[in-house]
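This is a predicted model, with the sequence first.
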Amino acid sequence: MRNLQKNKQSAFNVKNALIKMVGPIILILTLGNIAGPTGTTQNIGGATGRIRWSPVSSFTTIEKKAELSDSPAPTNLALINISEDHVWAATKGAYEMYITRDTGDVKFTMNQDRDTTGCEIKFEAITPGAEAATEAILVQISNDRNIFWIELADGKWVQVGSERFPAEFKYEWNSEKNGKGERGWKVMITGFESTKQYYTGAFTFPS
């Protein structure tokens, strides 16, 4: 029994010595094959007819995904998914914006420079109309620090923005023509993160 305790203490001492010399020991993530679509795969393009957003100031806790540099090493899915629920302050929650069908387009672009990482996220869509009340809300969004969620056609919620990197919001309005075109606001959301991120937690709505 004493020898077993000595061996455990010795192993503990070796681990601490290694950490002091080289820093925390990072485990290697699990690699695997990337399969093609199957009969049950929903590889549907585009977004649905709604997005959600909240000002950063509305939260008491903003959860985040894991990073490659975390110790201990995260799971593969934790690098992409935010699985814990965000916590909103009392009476606060996520607002919703209507989007014209087949106008939503979200793109992720990796930093193209050598020896760099990071992902720029861009979303554009049309919300229809010309009402002053809508414009007033859009003005407020553009002058605040926000987090957005975009619902993809397959039901996943892409999160754009975080506590560290709030999303940027811009818009423009176009009357279009009598016979064709989509009269309304083109909303443009941009963000930056280390990877694409999905929010799989629950939403709270204003009360």
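Done, it's in. Numbers count the residues shown, from 1 in each chain.

shouldn't T127 be in contact with W185?
Yes: at 5.3 Å, T127 counts as touching W185 under the criterion of CB atoms under 8 Å. All C-beta atoms are positioned from the backbone trio N, CA, C, and that covers glycine.

Mutual contacts of the two, please.
In the contact map built from CB atoms under 8 Å, 6 or more residues apart in numbering, the residues linked to both T127 and W185 are T134.

Give me the contacts around stretch 80-95.
With contacts defined as CB under 8 Å, 6+ apart, stretch 80-95 is touched by 52-54, 58-65, 77, 149, 159, 195-207.

quick one: average confidence on it?
Per-residue pLDDT over stretch 80-95 has a mean of 97.

how long is it from one end to the other?
The first and final residues of stretch 80-95 sit 23 Å from each other (CA to CA, to the nearest Å).

Give the buried residues for it.
In terms of neighbour count (16 or more other CB atoms under 10 Å), stretch 80-95 has its buried residues at 80-82, 86, 88, 92-95.

in the chain, what spans have low per-residue confidence?
Within the chain, the ranges that satisfy pLDDT under 70 run 1-29.

now the strands for the chain?
Ranges of strands in the chain, per DSSP state E, are 47-55, 59-61, 81-82, 87-88, 95-98, 105-110, 119-128, 146-152, 157-160, 168-174, 184-193, 198-199.

any idea which of the ones you listed is most buried?
Mean neighbours per residue, mean count of other CB atoms under 10 Å, is largest over the strands of the chain for strand 157-160, with a mean of 24.

what helices or strands is it leaning on?
strand 119-128, strand 146-152, strand 184-193, strand 198-199 (3 or more CB pairs under 8 Å, 6 or more residues apart in numbering; DSSP states H and E).

would a markdown table of the ones you listed with distance to A35 be doable?
Compiled in a markdown table, the helices and strands packed on strand 157-160 are given as follows (distance: least, CB to CB, whole Å):
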| stretch | distance to A35 |
| --- | --- |
| strand 119-128 | 23 |
| strand 146-152 | 20 |
| strand 184-193 | 26 |
| strand 198-199 | 19 |
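
who wins for proximity to T38 among those?
strand 146-152 (18.6 Å; CB to CB).

now that closest one, how far from the centre of its chain.
For strand 146-152, the distance from its own C-alpha centre to the chain's C-alpha centre is 7 Å (CA atoms, centre = their mean, to the nearest Å).

What helices and strands are in contact with that strand?
Taking 3+ CB pairs under 8 Å, 6+ apart as contact, the helices and strands that strand 146-152 lies on are strand 47-55, strand 157-160, strand 184-193.

and of the helices and strands packed on strand 157-160, who's closest to A167?
Distances from A167 to each of the helices and strands packed on strand 157-160 were compared using CB to CB; the shortest belongs to strand 184-193, at 4.3 Å.
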